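# Got a sequence here, can you build the structure:
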Amino acid sequence: MLTRLYALLFFSVLLISCGTASRENVDMNAFGKYWYQGQAELNVFDLKQYRYGEPREGKAVMIFVTEDFSKSKQVKLDDPQNAGADARKVLKLNMTRDFVTGVYPYHTMLSVFTPVEEDLPAYKLTQTMIEWCGQAFIQMNWKNAAYQAKLFSYFESEGDQNLKIDAQTEDGIFNLIRLNPDLVPQGDQRLIPSLTYQRFSHIELKAYRAKIELEELGNQTNQFVVEYPELGRTLKIQFKESFPFEIVSWEEIQVKENGQLESTTATRRNHQKLDYWTKNGLIHESIRKELGL
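You can find the predicted model right below:
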């Protein structure tokens, strides 16, 4: 009886493991040497954010780090050693934007959790918008070949929503570039636009038609161009063509209904590898100055 039980368990695990293909084109050896060293990569950008028809000076920060993640619960594991087959390695992006509009400040944060070894879209995305008028929050979880999305907003017209969207995400492109730019789909696509852009513009949270193209810029730098004809929006992401494929700048171009063009840009000014979660004392605040924060 015990033998039959073990056999059933073995084949169940085999079926589960065979259900998802492994990623191709990712050099796991090089990836591990760079990312599995107990440090995060901090990138600080000078931000020019268009808001209410005017450019605002601010800062953007992109933090890339690997974590042990629960595929079933879709949260960071507290005890990965005992999680068994549920444990997955993810590349996490935390992106913040901070700027001021007149009297009051804006703080945004985006988190993207992308599987390193499984050929799947980002397991989970969250986005928070905080300003003096109120808060808004989006969470999307990849389940059953679609995103189960929840949107919470202080606006009556948006209210609280539960949605299902069967498309990949623009925000996930940043992590795919860091894994290997070859993983970014090109040509005509259905994409969920940036969740931060969705909050700024209040467009419907759904998939839109987009076109993705790769351009070679020279100086060992390439860029992806993502165009949304329906939205009048273009995203450009510039990155180093060699591993670890560092993000060096990005630009969001919006053509308004009146024909006015607005360009939000972020240009990297500093970056370093750091176990920042251990640098939480007053003595460590000098590191912020080194980073330009």
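# what's in contact with stretch 148-161?
Stretch 148-161 is contacted by residues 133-141, 162-165, 202, 205 when judged by Cβ atoms under 8 Å, 6 or more residues apart in numbering. All C-beta atoms are positioned from the backbone trio N, CA, C, and that covers glycine.
# Looking at the residues you listed, spot the one nearest D119.
N141 (17.8 Å; Cβ to Cβ).
# what are the pairing partners of the strand or helix carrying the closest one, and which direction each?
Element membership for N141 (DSSP states H and E) is strand 134-143. When sheet partners are counted by DSSP bridges, strand 134-143 sits next to strand 124-131 (antiparallel), strand 146-153 (antiparallel).
# Of all those strands, which one is nearest N175?
Judged by Cβ to Cβ, the one of those that comes nearest to N175 is strand 124-131, at 10.1 Å.
# List the buried residues for the closest one?
124-129, 131 (16 or more other Cβ atoms under 10 Å).
# Could you dump the residues you listed into a markdown table with distance to E118 and pLDDT added?
Putting the buried residues of strand 124-131 into a markdown table (distance: Cβ to Cβ, whole Å; pLDDT from 0 to 100) gives the following:
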| residue | distance to E118 | pLDDT |
| --- | --- | --- |
| K124 | 13 | 98 |
| L125 | 16 | 98 |
| T126 | 20 | 98 |
| Q127 | 23 | 98 |
| T128 | 26 | 98 |
| M129 | 30 | 97 |
| E131 | 36 | 96 |
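# Make TSV out of those residues and add distance to L291.
As requested, the buried residues of strand 124-131 are exported to TSV (distance: Cβ to Cβ, whole Å):
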residue	distance to L291
K124	27
L125	25
T126	24
Q127	23
T128	22
M129	24
E131	24
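# For the residues you listed, work out which two are farthest apart.
Among the buried residues of strand 124-131, K124 and E131 lie farthest apart (Cβ to Cβ), at 24.1 Å.
# E241 against N219, yeah?
No: using Cβ atoms under 8 Å, E241 is not in contact with N219; the gap is 9.3 Å.
# of the two, who's got more company?
Neighbour totals were compared for E241 and N219, and E241 leads with 13 against 8 (other Cβ atoms under 10 Å).
# Who are the contact partners of that one?
Neighbour list for E241: 181, 216, 220-222 [criterion: Cβ under 8 Å, 6+ apart].
# Now the buried members of those.
181, 221-222.
# ranges for the helices of the stretch 101-250 of the chain?
Assigned by DSSP state H, counting those that start in this stretch, the helices in the stretch 101-250 of the chain fall at 172-179, 195-201.
# Next, format those helices as JSON lines and append mean pLDDT.
Listed next are the helices of the stretch 101-250 of the chain as JSON lines, based on pLDDT from 0 to 100:
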{"stretch": "helix 172-179", "mean pLDDT": "98"}
{"stretch": "helix 195-201", "mean pLDDT": "96"}
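# most neighbours per residue, which of these?
The highest mean neighbour count among the helices of the stretch 101-250 of the chain, using mean count of other Cβ atoms under 10 Å, belongs to helix 172-179: a mean of 23.
# Look at the residue nearest to A40 when sequence neighbours are not counted and give its secondary structure.
Nearest-residue entry for A40: V65, 3.7 Å, with adjacent residues in sequence omitted and distances by Cβ to Cβ, 6 or more residues apart in numbering. Using DSSP: H, G, I helix; E, B strand; the rest coil, the structure places V65 in strand.
# So, low pLDDT: which residues of this protein?
For the chain, the stretches with pLDDT under 70 are 1-19.
# Look up which residues are beta-bridged to the residue positioned nearest the centre of it.
Among the residues of the chain, the one closest to the centroid is V112, at 3.7 Å (Cα atoms, centre = their mean). When bridges are called by DSSP bridges, V112 pairs up with L93, L125.
# From P121, how far off is it?
10 Å (Cβ to Cβ, to the nearest Å).
# Give me the neighbour count for G53.
For G53, the neighbour count with other Cβ under 10 Å is 8.
# Begin at 33, not 1, for the rest of this chat.
I'll keep to 33 as the first residue from here, and by that count the last item is G85.
# Please name the residues that touch it.
292, 294.
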